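Peer 1: give me the fold of what follows.
(2 chains)
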Amino acid sequence: MGFQNSVKKQSKHALLDYLRAHTRRVVLGVTAVTFSVLIGVLIPFITRFAVDDLVDGGVRWSTILGYACAYLAAALCSASFGLWMRKLLLSLGHRIEYEIRRDIFAHLTRLDYYFYSRQRTGDLMTKMTSDLNAVREFVGQGILQGARTSIGFVLAFGIMFAINVRMALVMLFLLPTTSLLFFLLLRIIRRRYEETQEQFSIISNYSQESFAGIRTIRGYGIEDRQNAHFARLNETYIDLKMALSRVERPLWPAMSMLFSIGVVLILWIGGRQVVAGELSVGAFVQFMQYLFILQWPMLALGWTINLLQRGLTSWKRIQSILDAEPQIRDETPAESEETAPPRGDIVFDRVRLDMGGVTALDDIQLTVARGETLGITGPTGSGKTVLVWLIARLIEPTDGRVLIGGRDVRSFPLQTLRRYVGIAPQEAFLFSDTLANNIAFGLEETDLEKVFTAAEVAELSPDIESFPKRYETLLGERGVTLSGGQRQRTAISRAIARNPAILILDDVFSAIDTQTEANIQARLGSVMTERTSIVISHRVSSLRHADRIIVLENGRITQQGTHRELVEQPGYYRDLDEVQRLEARLETES
Amino acid sequence: MIAPEPEIHGKLFDWGLTRRLLAYVRKYRLMLFIAVVFILFMALVNSFMPVLLKVAIDDYLVGGEDGLSSAERIAGITRIGLFYIGMAALAFLFRYVQSYLMAWTAEHIIYDMRADIYEKILRLPLRYMDRNPVGRLMTRVTSDVDAMQKMVTDGLVGLIADLFALFAIMGFMVYLSPRLAFTLFAVFPVLFAVMAWINRNTRRAHRQVRYRQSALNAYLQEMITGMLTVQMFNREQRVRERFDERNSSLREGWIEAVRWVSYFFPAMEILNAVSIALVLGVGGAAILAGSDAVTIGVVVAFLAYIRDFFRPLEDLSEKSTVFQTAMASSERIFGLMDEPEDVLDPKEPVPIDHFRGAVAFEHVAFAYVDEDWVLRDLSFRIDPGESVAIVGATGAGKTSIISLISRFYDVQRGCVKVDDRDVRAYRQVDLRRRIGVVIQDPFIFSGSIASNISLHNPDVTREQIVQAARYVNAHRFIEKLPDGYDTRVQERGITLSTGQKQLLALARALVQNPDILLILDEATANVDTESEQLIQEALKRLMKGRTSIVIAHRLSTIRGVNRIIVMKHGRKIEEGSHAELIQQEGYYRRLYELLAHQPA
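Peer 2: Got it, this is the predicted structure:
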């Protein structure tokens, strides 16, 4: 696989494709920009004529009033085009942002365990928030300001050259210089800004560590030292921030200074021409106005280039998600054939699984008969969870095959396969939604009848009845935090609500007391007879009723048999049984 | 249990909070005063520049009646140009100095505040720390403080500068032409009303956007973390639909916000045009009437003023958002500062040089919450130099004994004594520095191996560090690390195994040379037998000659102590040496049998 990375691949996902779908909007928007800018550069003519008429005198007030009205009318037109260009182009940015985000998310739902075990949630979130923002600005502001700036330049300079070549040349020299200076300064500012950000993340990591390690800090009485070090980090931060200030603070003052120089140059050169009678006072004022009209585009140029650079970098990062291919996917398109449901014996055929350079499972040869209940136990990290994951194809064997009813699990469409497998995982992931929706998570619709039954079987209903809002109780940060046992029972309900052909309970009784567990087991018993069940547990009480029990140690099956058989032979299972009986005795004695 | 965080929206202005903020500002009032003076100068200089333009046009460009020669007119223009540049340079200087001073002041105010928050958090009750996730506390020292800083540098200064600028412009307008000025002032109420209206709606739309954005982010974060569950249950299609609801609601929110933003600039443009048309109309009439009050230069200067007048209004909505966010942040910050501290130092602490090492519990009752008693009427005595093991089933209250001797919590009844004095008589820091706590999953700080042993204590030399490491069997593995004692660990460094971490923590405890040793000896997974032996051996050495209390889970540790205290449900039920207790055939005997069967 390694060599593939070195080959530069062209990404299938281009920003241009997103834009192409909005061609009409872009064309209309740019047209609006053109008109808005065009009217904008024509308006100074009105001022010019008005000033010239006033200097010459001998006009009637109605003429001046006409100029004023013309000015207003022109401004009204320019403003309407201005409104349209913003509406069209800025919302374009948001529309495309929406589409990209939609596509990334859809792609995320297709990516597998391998992807998520490599990626940190924080990084993914950053890509979908700040990187996406940068792309949005790139599209929205980028097109808007890019068009405004370039069209503004061409039109304004066209007119200026038509009026007075010498002054136009002065402007032509001055304005791009400003743009360049602005752009260069922005780059230095960005670099220094990144330095401050780096120091800032050092500070925030340091405080995170202090708060997480508060017991150690207090235990050793070193609060003073921590405070002093925190202060030192902050002093460095101040220094960096002030270094940033030294380039950032003069930015705008320097820009105004440059424009003042522009004003003076117009005054000196234009003034001479006015005195010489080569230029009218009105034209002089008109030039002055172009200086101010161009002031913004000039700065926007540097800003826009900056925006484009950032947008492109961010887009590359977003592409990296879109280009990631899931390793676990349907071999053939899902719709192509209606596959028979996965029923029958589950067979692990010489399965080996390597994860991160470590062998998690080795030489697994195991058959779980249809309708059988299999118990799995073994020390932490012996590979119990990944073993059952193989059945639902949440992970794939490095060697060997997993078969259901004689067919390789890879030959079933993922959707079909997973519809028949119900897993109650070790660490149930509960969504911040209502309890009912959490239990009904695997159902097509929230069918309350099924929810009630599932909660009943999992002994969750008494707890739910005690909540004021019962099944409508919200879980998560803004709602109720469930206890470990309640979470596990919710996970059980969720798995059985789907009525799966294969039910997998992955250590879901550890936080549930033995009496409740016995009740759940009894209820499950009637449900379990019709289906294949796999129960992972560290507790003998959860395992003893299984048809067969296997012991996994270091990724291998070391013992196999019924409870009766296993307690007879020396080994992990017998020790486990012994300890738990002693524990029970201690427990009962009070 | 994690407590939900109350939501704070923040007002634009809150006098109570402002007063507390001012307390931080007071220290830098001189700097602030100088900065404000500079802002004032800057406003004056800036608004004076159009006056120069007026003079240039009226006196030299239009020519006037005094009939100046061309040369004189050009000389005049040159002079005014030079003067203009001089003023611009001055404005540049004022503005730069002012904004640099403000940045300096803001950074220092924020520095003080951040230090206060950090120190406060280190003093907060552990109960508070348990209820509030680290991430939330982090927000206080990071983004909340940041919001405050933005308010000082951008919000506050911007506001002062804008106000000064507006008043200066209005002043010069009146000076140049009262008639034109007051005509324009008549437009201002309309201007402000329109701005306020658009501004209000923009802010509302943006609030809506922020709300929807965070709803979307929360959903996204949840789905990314729970994606495998989604796939396990075939729910991809449905979560895509749910996501789309949030995503498109955000898009609609943005489009609404864009609508108001799109109104803003055109509205400004139109109002700007109205003002200019007024100046042209009214000014033109005056000039044509031959009035002395208005000249061409005045009209041109007014055009410049109108432009300058509109500019500060452009980012008004951004500024009010800055204020609002900062107020919400300061409310959270001061809320944290007001959080009561529970374990306090005595007014006149008993000084400690060394403890002899006598520890006693006298009728101690203790609960973490309310009446949920963890210890009930517990009494025992431990003599200097004695080693004692405390055993019992899970939940018997063993661990809290360690917390109470170190005074992480105060007892509800009875007292805990060290050297025959209540622990509350000592300064917490003094007490804890004389007590060494060894836990099985020690906290490793990012830094070097050496700094993790010395905990940055400047009095600990490298030799002492190495000696301690040797003594507790840690030297051998440290030596094999890429940079030995200077190897970086945690963040951007190597990861240590559980066994290595434990050895490191033993060295850490030894360097401190404690008089009393508290050991939490849980059976931990993931430690290979070889490291286990090294740890046991090191523990024995460490305990030699020191008062030691071991919360024991392993037979090997229990066998090596002088005395065993057996606990159950927060009470002492049996006490004696291992041999005595085994003979009693009581609770200990059965506990012992259980431990003997525990898989290694």
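Peer 1: how far away is B:F192 from chain A?
Peer 2: 19 Å (C-beta to the nearest C-beta, to the nearest Å). C-beta coordinates here come from the backbone N, C-alpha and C atoms, glycine included.
Peer 1: by contact count, what packs against the helix or strand hosting that residue?
Peer 2: Here B:F192 sits within helix B:178-225, counting by DSSP states H and E. Applying 3 or more C-beta pairs under 8 Å, 6 or more residues apart in numbering or on different chains; DSSP states H and E, we find helix B:178-225 packed against helix A:61-110, helix A:121-126, helix B:157-176, helix B:236-278, helix B:296-310, helix B:316-337.
Peer 1: quick one: closest of these to A:F431.
Peer 2: helix B:236-278 (9.4 Å; C-beta to C-beta).
Peer 1: wait, does the closest one contact chain A?
Peer 2: Yes. Counting by C-beta under 8 Å from any C-beta of the partner chain, chain A is contacted by helix B:236-278 at B:236, B:239-240, B:243-244, B:247-248, B:250-251, B:254-255, B:258-259, B:261-263, B:265-267, B:269-270, B:272-274, B:276-278.
Peer 1: and stretch B:585-597, by the same measure?
Peer 2: Yes. Stretch B:585-597 reaches chain A (C-beta under 8 Å from any C-beta) through B:587, B:590-591, B:593-594, B:597.
Peer 1: what count of nearby residues applies to residue 112?
Peer 2: In the absence of a named chain, chain A is used. 21 (other C-beta atoms under 10 Å in any protein chain shown).
Peer 1: my question was about chain B, not that one.
Peer 2: Residues near B:D112, counting by other C-beta under 10 Å: 16.
Peer 1: with A:A458 instead?
Peer 2: Counted with other C-beta under 10 Å, A:A458 comes out at 29.
Peer 1: one more: B:D521?
Peer 2: Residues near B:D521, counting by other C-beta under 10 Å: 20.
Peer 1: quick one: it and B:L555 touch, right?
Peer 2: No. With contact defined as C-beta atoms under 8 Å, B:D521 does not count as touching B:L555 (10.8 Å).
Peer 1: what would the helices and strands packed on helix B:178-225 look like in TSV with mean pLDDT?
Peer 2: Listed next are the helices and strands packed on helix B:178-225 as TSV, based on pLDDT from 0 to 100:
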stretch	mean pLDDT
helix A:61-110	90
helix A:121-126	77
helix B:157-176	87
helix B:236-278	89
helix B:296-310	86
helix B:316-337	80
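Peer 1: the helices in the stretch 151-300 of chain A, which residues?
Peer 2: Assigned by DSSP state H, counting those that start in this stretch, the stretch 151-300 of chain A shows helices spanning A:165-212, A:214-219, A:223-248, A:251-265, A:271-275, A:281-322.
Peer 1: does the longest one reach chain B?
Peer 2: Yes. When contact is scored as C-beta under 8 Å from any C-beta, part of helix A:165-212 falls within range of chain B: A:200, A:203-205, A:207-212.
Peer 1: cool, and the fifth one?
Peer 2: Yes. Under the criterion of C-beta under 8 Å from any C-beta, chain B is reached by helix A:271-275 at A:271-272, A:274-275.
Peer 1: tell me which parts of the stretch 401-550 of chain A are close to chain B?
Peer 2: Residues of the stretch 401-550 of chain A lying near chain B (C-beta under 8 Å from any C-beta): A:414-415, A:418-419, A:421, A:423, A:425, A:428-429, A:431-432, A:441-442, A:477-478, A:481, A:494, A:498.
Peer 1: just the buried residues of the residues you listed.
Peer 2: The neighbour count (16 or more other C-beta atoms under 10 Å in any protein chain shown) marks A:414, A:418-419, A:421, A:423, A:425, A:428-429, A:431, A:441-442, A:494, A:498 as buried among these.
Peer 1: low-confidence stretches in chain B?
Peer 2: Low-confidence segments of chain B (pLDDT under 70): B:1-13, B:63-66, B:315-317, B:394-395, B:490-494, B:522-529, B:597-600.
Peer 1: quick check, central residue of it?
Peer 2: B:V141 (0.8 Å; C-alpha atoms, centre = their mean).
Peer 1: and the residue of the stretch 201-350 of chain A nearest chain B?
Peer 2: Closest residue of the stretch 201-350 of chain A to chain B, C-beta to the nearest C-beta: A:S260 (3.4 Å).
Peer 1: give me the nearest residue to that residue, chain neighbours excluded.
Peer 2: B:A88 (3.4 Å; C-beta to C-beta, 6 or more residues apart in numbering or on different chains).
Peer 1: next, count neighbours for B:T183.
Peer 2: If we define neighbours as other C-beta under 10 Å, then B:T183 has 16 of them.
Peer 1: distance of the nearest residue to it once chain neighbours are set aside from A:G58?
Peer 2: Counting by C-beta to C-beta, 6+ apart, B:T183 lies nearest to B:V282, which is 5.1 Å off, once chain neighbours are set aside. Using C-beta to C-beta, to the nearest Å, B:V282 is found at 19 Å from A:G58.
Peer 1: between these two, who's got more neighbours?
Peer 2: More crowded of B:V282 and A:G58, by other C-beta under 10 Å: B:V282, with 21 against 6.
Peer 1: that one contacts B:R179, doesn't it?
Peer 2: Yes. Using C-beta under 8 Å, B:V282 is in contact with B:R179, at 7.0 Å.
Peer 1: quick check, B:I224 in contact with A:G122.
Peer 2: No. With contacts counted by C-beta under 8 Å, B:I224 stays clear of A:G122, the gap being 9.7 Å.
Peer 1: which of the three states applies to A:V351?
Peer 2: Recorded secondary structure, A:V351: strand (DSSP: H, G, I helix; E, B strand; the rest coil).
Peer 1: quick one: contacts for it?
Peer 2: A:V351 is in contact with A:361, A:363-365, A:390, A:397, A:399-402, counting by C-beta atoms under 8 Å, 6 or more residues apart in numbering or on different chains.
Peer 1: hmm, 6 Å instead?
Peer 2: A:364, A:397, A:400 (C-beta atoms under 6 Å, 6 or more residues apart in numbering or on different chains).
Peer 1: the first one: neighbour count?
Peer 2: What it means is A:I364. 23.
Peer 1: any idea how far it lies from chain B?
Peer 2: Where chain B is concerned, A:I364 sits at a distance of 21 Å (C-beta to the nearest C-beta).
Peer 1: please parse the chain into its domains.
Peer 2: Unless you meant another one, I'm taking chain A. A:165-278, A:346-588 (automatic domain parsing).
Peer 1: the intended chain is chain B.
Peer 2: Looking at automatic domain parsing, the domains of chain B come to B:30-337, B:359-597.
Peer 1: I'd like those as TSV, with distance to A:R310 appended.
Peer 2: Formatted as TSV, the domains of chain B follow (distance: least, C-beta to C-beta, whole Å):
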stretch	distance to A:R310
domain B:30-337	19
domain B:359-597	26
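Peer 1: for A:D463, which of these is the nearest?
Peer 2: domain B:359-597 (19.8 Å).
Peer 1: before we move on, back to that, drop anything exposed from the residues of helix B:236-278 next to chain A.
Peer 2: Buried, going by 16+ other C-beta under 10 Å: B:236, B:239-240, B:243, B:247, B:250-251, B:254-255, B:258-259, B:261-263, B:266-267, B:269-270, B:272-274, B:276-278, out of the residues of helix B:236-278 next to chain A.
Peer 1: run through the stretch 101-250 of chain A and note the low-pLDDT ranges.
Peer 2: For the stretch 101-250 of chain A (pLDDT under 70), the answer is none.
Peer 1: quick check: closest non-adjacent residue to residue 569.
Peer 2: Went with chain A since none was named. Counting by C-beta to C-beta, 6+ apart, the residue nearest A:Q569 is A:Q559, at 7.1 Å.
Peer 1: actually chain B
Peer 2: Using C-beta to C-beta, 6+ apart, the nearest residue to B:H569 is B:A396, at 6.4 Å.
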